[in-house]
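S.K.: One predicted model, sequence on top.
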Amino acid sequence: MLDVLGAMTLTALAVLGVSALIVAGARDGAGRARLALFAAAWFVTIASLAVAGTFARPAGAGILAIGAAVAVPILAGLIAFAISRSVRSFALGVPLAVLVGVHAGRLLGGFFLALHAAGRLPATFALTAGWGDILVGAAAGPLAWAIHRRTPGWRPLALAWNALAMADLVTAVSLGVGSSDSPLRFIFERPSSGAIGTLPWAMIPGFLVPLFMLTHLAIFAQIAVSVPKVERLPLRSAA
């Protein structure tokens, strides 16, 4: 039952999050269609690899596949941002409040807690990742509203939240790897984090983590370009 509920809610989160970003950032129907097609292909690819057992292979092969599923989209996004004007336009065109607001979906970090309670994830990984995501998700909505309203102090708040939320993702991935049945293991609690390599949970590191990480990078980029430039006064010539 937990797997069925997880499949429905994670799929809904992926669809709603991607749709919000595409509708807010793409300026024309053709662009939206291309982005939707790309996101759907990405989602289906990760789901197909999970069905094939790619992320649950023994001897560390599965964790390497998960690592690639996390890293490749992030690297591809960074390269595309650097070389493609249309990608930069999209990343900088999504309203900052929307980029932050989609992280409200991380309240579904409660599934980590549920999997731990069911004896399917180790405590250190599940509790850290679960509560970290819940806190990040709970703060996302009020922060998005403050950004939309340009409440005084919104910029440092957004920077602090973004840095902490990104660190939460990095920590969760590190603990997931560290508690996996692989040569990289450094947390020897039982059970291992192997459940994350199976459906529907493989969609978290394979799709949602890279998506959220890319939005964090876009947030940093938008804040950087929105910092008001200090007006330089002309130097007075000495009398």
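M.R.: Perfect, thanks for sending it.
S.K.: So which residue is dead centre in the protein?
M.R.: Phe212 (1.7 Å; Cα atoms, centre = their mean).
S.K.: Now Ala7: which helix or strand?
M.R.: helix 2-25 (DSSP states H and E).
S.K.: And for Val173?
M.R.: helix 154-178.
S.K.: just the helices in the protein please.
M.R.: Under the criterion DSSP state H, the chain contains helices at 2-25, 29-51, 61-83, 85-93, 96-101, 110-117, 123-149, 154-178, 203, 209-226.
S.K.: Distance to Pro191 and mean pLDDT added to these, as a markdown table?
M.R.: C-beta coordinates here come from the backbone N, C-alpha and C atoms, glycine included. What follows is those, written out as a markdown table (distance: least, Cβ to Cβ, whole Å; pLDDT from 0 to 100):
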| stretch | distance to Pro191 | mean pLDDT |
| --- | --- | --- |
| helix 2-25 | 15 | 95 |
| helix 29-51 | 18 | 93 |
| helix 61-83 | 14 | 94 |
| helix 85-93 | 39 | 92 |
| helix 96-101 | 34 | 97 |
| helix 110-117 | 9 | 97 |
| helix 123-149 | 10 | 97 |
| helix 154-178 | 13 | 96 |
| helix 203 | 20 | 96 |
| helix 209-226 | 21 | 94 |
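S.K.: Contacts only, for Val173.
M.R.: Residues near Val173 by Cβ atoms under 8 Å, 6 or more residues apart in numbering: Val70, Pro205, Val209.
S.K.: how many other residues sit next to the first one?
M.R.: The number of residues packed around Val70, counting by other Cβ atoms under 10 Å, is 21.
S.K.: can you check Ala36 too?
M.R.: Ala36 has 16 neighbours, counted by other Cβ under 10 Å.
S.K.: quick one: the nearest residue to Ala129 once chain neighbours are set aside and Gly130, what's the gap?
M.R.: Computed as Cβ to Cβ, 6 or more residues apart in numbering, the closest residue to Ala129 that is not its neighbour in sequence is Ala172, at 3.8 Å. Distance, Ala172 to Gly130, using Cβ to Cβ, to the nearest Å: 9 Å.
S.K.: and what of Thr198?
M.R.: Here the criterion is Cβ to Cβ. By it, Thr198 lies 18 Å from Gly130.
S.K.: quick one: which of those two has more around it?
M.R.: Neighbour count, other Cβ under 10 Å: between Thr198 and Gly130, Gly130 has more, with 21 against 16.
S.K.: what's the spacing between the nearest residue to the more buried one once chain neighbours are set aside and Gly93?
M.R.: With Cβ to Cβ, 6+ apart as the criterion, Gly130 has its nearest non-adjacent residue at 3.3 Å, and that residue is Phe112. The spacing between Phe112 and Gly93, counted by Cβ to Cβ, is 33 Å.
S.K.: Who has more neighbours out of the two?
M.R.: The neighbour comparison of Phe112 against Gly93 (other Cβ under 10 Å) goes to Phe112, with 28 against 14.
S.K.: next one: stretch 85-100 to chain centre, how far?
M.R.: Chain-centre distance of stretch 85-100: 15 Å, with Cα atoms, centre = their mean, to the nearest Å.
S.K.: Over to stretch 16-24?
M.R.: 14 Å.
S.K.: Other residues contacting it?
M.R.: The contact list for stretch 16-24 (Cβ under 8 Å, 6+ apart) reads 32, 35-36, 39, 93-95, 98-99, 101-102, 105, 208, 211, 215.
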